[in-house]
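Asker: Here you go, sequence then predicted model.
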Amino acid sequence: MKKTITAVCAALILTLTCSAVYADYDISVRMDGITSDEQQYVQFGSIKPVQLDSRTLVPARAMAEAAGMEVVWDQPTQTAILLLKIGLYSEKPIERYAAKAISMVNPPTPGLVPVDITAAIKLDSPTAVIRYNFRDSEGDYIAVGCEYEMVSKTILIDDGTLMLPLRDSMEIFGLTVGWNQDEMCAYVSVPETVTVPDNMRVIQNNGEGEFAPTEENLREYTSYNYQDLMNGGDGLAYAYENTGTYLGNFRITHYCPCEICNGGWGNGTAWAGEITPGRTIGVNPNVIAPLSWVYIEGYGLRRAEDTGGGIGTNHIDIAVEDHETVMRLGTVYRDVYLIE
């Protein structure tokens, strides 16, 4: 079974007032003149916005697609890179705004061509980095930017979904964020006056140099339970430390029934018929017995129904619905318990 260690997540937002049409959402988000001149509600899937410590967090992928931004997940450094394209004559108000913003930044040398604006937000860290990116005549990139202290942190919930702090992830780009408490509705809009941060300087590109996130501890974060957050709890999942046997910290990868991941096996497992995303995992039978139940930190209960030649000693392969999800979730490291 092949694994993909790069994950692409996504993120962003925008809004203004909410109507009863969206009453099935505890929290609504509306974009006000962001990707078009019209007001649009963000359409969420099964994972909706939540509040943690009175701060609104939103699913990265849904927000990015709704806002016309891109988000790339750098798995080794646990960092989300939000990318905002520029276009002075673009049909998207957000890209016209970005073009005006980057035009206010003084490049270190004349003749540089503005390219885009990025924000690097590390998981479970209050410090982000905003970069205004330029390209020289030789095609090399030069970034002018600074650190940005956020009020909230980016978190990961138990199915592997990245949740971005709505206000911080928008205001870092200079956008306006508002909140209607009566209607539980957040809204984001392009400000009338374009501003950029003070005290910026030339810094390395994303993932490099002084402002790069470190790899000193890939597990230096907390995975939150989504249902607990929706129910008003603090999101810390009930774990099986007291009812199971601790097996250790495992490398967690992801696979699906496609040809790339599962080859000739297709949708079949080694011991339990068809793959069931949300339940099936591939294990090394010398470590975890076939058909055993385990608890995986941040994922919950999973059953050992499959195996593969590429699964090592402290390694579990989690079945997901499609290859896009495989790409998004990548590789992580989690504590694992054998359930008696």
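Answerer: Sure, I can see it.

Asker: Let me see the residues that make contact with the helix ranked longest in the chain.
Answerer: The longest helix of the chain (DSSP state H) is helix 93-103. With CB atoms under 8 Å, 6 or more residues apart in numbering as the test, helix 93-103 has contacts from 33-37, 67-69, 84-90, 114, 116-117, 132, 173-175, 190-191, 194-196. No exception for glycine: its C-beta is placed from N, CA and C like everyone else's.

Asker: Work out the gap between it and the centre of the chain.
Answerer: 24 Å (CA atoms, centre = their mean, to the nearest Å).

Asker: just stretch 319-333 next, same as before
Answerer: How far stretch 319-333 lies from its chain's middle: 12 Å, per CA atoms, centre = their mean.

Asker: which parts of that stretch are buried?
Answerer: Going by neighbour count (16 or more other CB atoms under 10 Å), the buried part of stretch 319-333 is Ala319, Val320, His323, Thr325, Val326, Met327, Arg328, Leu329, Gly330, Thr331, Val332.

Asker: Secondary structure and pLDDT added to these, as a markdown table?
Answerer: As requested, the buried residues of stretch 319-333 are exported to a markdown table (DSSP: H, G, I helix; E, B strand; the rest coil; pLDDT from 0 to 100):
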| residue | secondary structure | pLDDT |
| --- | --- | --- |
| Ala319 | strand | 90 |
| Val320 | coil | 86 |
| His323 | helix | 87 |
| Thr325 | helix | 84 |
| Val326 | helix | 87 |
| Met327 | helix | 87 |
| Arg328 | helix | 81 |
| Leu329 | helix | 82 |
| Gly330 | coil | 84 |
| Thr331 | coil | 87 |
| Val332 | strand | 83 |
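
Asker: Which one of these is nearest to Ala62?
Answerer: Nearest to Ala62 out of the buried residues of stretch 319-333 is Arg328 (CB to CB; 12.3 Å).

Asker: Hmm, that closest one is touching Arg61, no?
Answerer: Yes: in terms of CB atoms under 8 Å, Arg328 counts as a neighbour of Arg61; the distance is 7.3 Å.

Asker: ok so, going back, from the contacts of helix 93-103, which land in strands?
Answerer: Counted as lying in strands by DSSP state E, out of the contacts of helix 93-103, are Leu84, Lys85, Pro114, Asp116, Ile117, Tyr132.

Asker: Show me which pair in those residues is furthest apart.
Answerer: So, the ones in strands among the contacts of helix 93-103 by CB to CB: farthest apart are Lys85 and Tyr132, at 12.7 Å.

Asker: Can you mark which positions in stretch 35-44 are buried?
Answerer: For stretch 35-44, by 16+ other CB under 10 Å, it's Thr35, Gln39, Gln40, Tyr41, Val42, Phe44.

Asker: on that earlier part again, could I get the buried residues of stretch 319-333 as TSV with distance to Ala80?
Answerer: Shown next, in TSV, are those (distance: CB to CB, whole Å):
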residue	distance to Ala80
Ala319	25
Val320	19
His323	21
Thr325	17
Val326	18
Met327	15
Arg328	11
Leu329	14
Gly330	12
Thr331	16
Val332	14
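
Asker: Go through those residues and name the one nearest Leu162.
Answerer: Arg328 (8.6 Å).

Asker: From Gly160, how far off is the closest one?
Answerer: 7 Å (CB to CB, to the nearest Å).

Asker: go on, Ile117?
Answerer: 27 Å.
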